[in-house]
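Participant: Next input, structure requested:
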Amino acid sequence: MIKSLFEAGADVFRLNMSHGSHEEITERHQLIREIEHETGRPICILADLQGPKLRCGTFADGPVMLEEGAAFRFDLDEAPGDVTRVQLPHKEIFEALEPGSTLLVNDGKIRLKVNACDKTFADCTVEVGGEISNRKGVNVPDVVLPLAALSAKDKKDLEFVCNLGVDWLALSFVQRAADVEEARKLAKGRAALVAKIEKPAAVKAFDEILEVTDGVMVARGDLGVELPVQAVPPIQKKLIRKCREVGKPVIVATQMMESMITAPVPTRAEVSDVAHAIYEGADAVMLSAESAAGDYPVEAVQTMDNIAIEVEQDSVYRQIIEASRTRASRGMADAITTAAREVAETIDVKAICSFTQSGTTAILASREKPRVPVIALTPLIGTARRLSLVWGLHCVVTPEVDRFKLAVVAAVRAAVGEGFATEDDKIIVTAGVPFNTPGTTNILRVAPCQEKLIYEG
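Facilitator: Below is the predicted model:
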């Protein structure tokens, strides 16, 4: 099944650390790496850390119905709850609450307003009623909670998946830049970091978070619980554009094709939702239950892939991308990648071949959203895997080269061998001298593919 999903168009596989033991995660990781070896294509693996889960306690006699206007108390008392109260075993919530704060229960279906509170309780009025039962999730949308994004379980999982060899870590419950910085210290460079934007506090602190993270996931499901649903589309649009401005990959996630959990085709609204994210310039669109537990996982991936292909062939897509392109910063790599895109728009070339050690140059090339394919050439399999998340990059692992002439040969071999060009075509090659040193991109060359024959001869 994993191989079928890859062949249908999946570039990245997410290991959800909320589900499965370390043994099961290891088995899935090994399967993906076996398929990578079998197909000869780098495959990206993203481990999604669970984050702290805020849940209420249990009820003595099963579920209870909270009526609108009724009084209800949350407290630290471990005694089973009833229609008047229940335990909320998170003292950090009580420390942050203020009169007027909102509490949401069961994915926002129940809403309560805090009237009075201290460090042990919160007396509330039910504003939107409904059924509440054992261990339902609780959201606190309008305060920054004094909770670390990484729980004890997350820290153990982080160490485990980094040693296993995942390429990206997705961080849940991010509220501030410090949450990402803590994870970076623990990861020690073994994986790149994706900050999941799923809380209003993260939206407010987004500029600071974006500065310290390697990538972003717009997690609309949780955002739609803690914010008015109509606020989510504008937020999604703004976050994508900010990521594009600085050249950091952005994933749009949650409920993209929810109906395909049980149906072989999506709704037209879901198709429009996926297309909208692609028109805006997202690097990746993500499936969750559709492919993890749904009845039609391959069809869901194929449909999403087909939407991406169709949108990117639309002239309106190109107009939107070019109209929203921002000026690159003034670094050498920025200048080279911008020039590569402009040359590709001026003359007939079939691909931009970008040699990259750390991945930065290839990401900058992707940021430009050129009209031709970008082939990211790297001697490091870890870099190739990580870059598979980034828009438009076809990643190829190539032997190390120490001369530009050999770089041209390797680039032509990749472009022709992967079917992007013929020996009668031209390609653009970008690289840095000295070779195999991160951050040295300083050469751009338009190379006829026939040069490979000359050099090899």
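
Participant: per-domain residue ranges of the protein.
Facilitator: Taking automatic domain parsing as the domain assignment, the ranges for the chain are 64-139, 148-321, 332-456.

Participant: can you list those in JSON lines and add distance to residue 10, mean pLDDT and mean neighbour count?
Facilitator: Placement of C-beta: from N, CA and C, glycine included. Listed next are the domains of the chain as JSON lines, based on distance: least, C-beta to C-beta, whole Å; pLDDT from 0 to 100; neighbours: other C-beta atoms under 10 Å:
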{"stretch": "domain 64-139", "distance to residue 10": "27", "mean pLDDT": "96", "mean neighbour count": "17"}
{"stretch": "domain 148-321", "distance to residue 10": "5", "mean pLDDT": "96", "mean neighbour count": "19"}
{"stretch": "domain 332-456", "distance to residue 10": "10", "mean pLDDT": "90", "mean neighbour count": "20"}
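
Participant: wait, which of those is closest to residue 37?
Facilitator: Closest approach to residue 37 among the domains of the chain (C-beta to C-beta): domain 332-456, 10.6 Å.

Participant: if we can go back for a sec, I'd like the domains of the chain as CSV, with distance to residue 7 appended.
Facilitator: Formatted as CSV, the domains of the chain follow (distance: least, C-beta to C-beta, whole Å):
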stretch, distance to residue 7
domain 64-139, 34
domain 148-321, 9
domain 332-456, 15
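
Participant: among those domains, which is nearest residue 38?
Facilitator: domain 332-456 (14.9 Å).

Participant: Strands of the stretch 151-300 of the chain, residue ranges please.
Facilitator: In the stretch 151-300 of the chain, the segments counted as strands under DSSP state E, counting those that start in this stretch are 168-171, 192-197, 215-219, 250-253, 284-285.

Participant: Out of those strands, the one nearest residue 81 is which?
Facilitator: Nearest to residue 81 among the strands of the stretch 151-300 of the chain is strand 215-219; the distance by C-beta to C-beta comes to 29.4 Å.

Participant: what's the distance between the closest one and the middle of its chain?
Facilitator: Its chain's C-alpha centre and that of strand 215-219 lie 4 Å apart, by C-alpha atoms, centre = their mean, to the nearest Å.

Participant: Repeat that for stretch 365-373.
Facilitator: The chain centre lies 19 Å from the centre of stretch 365-373; the measure is C-alpha atoms, centre = their mean.

Participant: for stretch 157-175, same thing?
Facilitator: Its chain's C-alpha centre and that of stretch 157-175 lie 12 Å apart, by C-alpha atoms, centre = their mean.

Participant: so which of the domains of the chain gets nearest residue 47?
Facilitator: Evaluated over these, closeness to residue 47 peaks at domain 148-321, with 4.0 Å, by C-beta to C-beta.

Participant: Pull the number of nearby residues for the nearest residue to residue 3 once chain neighbours are set aside.
Facilitator: Here the nearest residue to residue 3 in space, its sequence neighbours aside, is residue 35; by C-beta to C-beta, 6 or more residues apart in numbering that works out to 4.9 Å. By the criterion of other C-beta atoms under 10 Å, residue 35 has 18 neighbours.

Participant: ok, and residue 35, which helix or strand is that part of?
Facilitator: Applying DSSP states H and E as the criterion places residue 35 in helix 22-39.

Participant: Go through that helix and flag the buried ones.
Facilitator: Burial within helix 22-39, assessed by neighbour count using 16 or more other C-beta atoms under 10 Å, is assigned to 25, 29, 32, 35-36.

Participant: got the CA coordinates for stretch 373-390 in PDB?
Facilitator: The C-alpha coordinates for stretch 373-390 follow below in PDB (Å, rounded to 0.1, in the frame of the first residue of the first chain):
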ATOM      1  CA  PRO A 373      11.500  21.900 -13.500                       C
ATOM      2  CA  VAL A 374      14.200  22.300 -10.800                       C
ATOM      3  CA  ILE A 375      16.500  19.400 -10.300                       C
ATOM      4  CA  ALA A 376      18.200  19.400  -6.900                       C
ATOM      5  CA  LEU A 377      21.500  17.600  -7.100                       C
ATOM      6  CA  THR A 378      23.200  16.700  -3.900                       C
ATOM      7  CA  PRO A 379      25.700  14.100  -2.700                       C
ATOM      8  CA  LEU A 380      23.800  13.700   0.600                       C
ATOM      9  CA  ILE A 381      20.800  11.400   0.700                       C
ATOM     10  CA  GLY A 382      19.600  13.200   3.800                       C
ATOM     11  CA  THR A 383      19.400  16.500   2.000                       C
ATOM     12  CA  ALA A 384      17.600  14.800  -1.000                       C
ATOM     13  CA  ARG A 385      15.000  13.300   1.300                       C
ATOM     14  CA  ARG A 386      14.400  16.500   3.200                       C
ATOM     15  CA  LEU A 387      14.100  18.500   0.000                       C
ATOM     16  CA  SER A 388      11.300  16.200  -1.300                       C
ATOM     17  CA  LEU A 389       8.900  18.200   0.800                       C
ATOM     18  CA  VAL A 390       9.700  21.400  -1.100                       C
END
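
Participant: Pretty sure residue 187 sits against residue 163.
Facilitator: No: Residue 187 is beyond contact range of residue 163, at 10.9 Å (criterion: C-beta atoms under 8 Å).

Participant: ok, residue 412 to residue 430 distance?
Facilitator: Noted for residue 412: a distance of 14 Å to residue 430, by C-beta to C-beta, to the nearest Å.

Participant: between these two, what contacts are shared?
Facilitator: Shared contacts of residue 412 and residue 430, defined by C-beta atoms under 8 Å, 6 or more residues apart in numbering, are absent.

Participant: Please report the distance of the nearest residue to residue 395 once chain neighbours are set aside from residue 378.
Facilitator: When the adjacent residues along the chain are set aside, residue 395 lies closest to residue 384, with 4.0 Å between them (C-beta to C-beta, 6+ apart). Remark: distance between residue 384 and residue 378 (C-beta to C-beta) = 5 Å.

Participant: Overlap in contacts, these two.
Facilitator: With C-beta under 8 Å, 6+ apart, residue 384 and residue 378 have common neighbours 395-397.

Participant: re earlier: and the contacts of whichever strand or helix holds the residue nearest to residue 395?
Facilitator: If you go by DSSP H and E, residue 384 is part of helix 381-387. Helix 381-387 has contacts (C-beta under 8 Å, 6+ apart) with 42-45, 167-168, 192, 356-359, 362-363, 376, 378, 393, 395-397.

Participant: strand partners of the helix or strand that comes right after that helix, parallel vs antiparallel please.
Facilitator: For helix 381-387, the following helix or strand on the C-terminal side (DSSP H and E) is strand 393-397. Using DSSP bridges, strand 393-397 pairs in its sheet with strand 374-378 (parallel).
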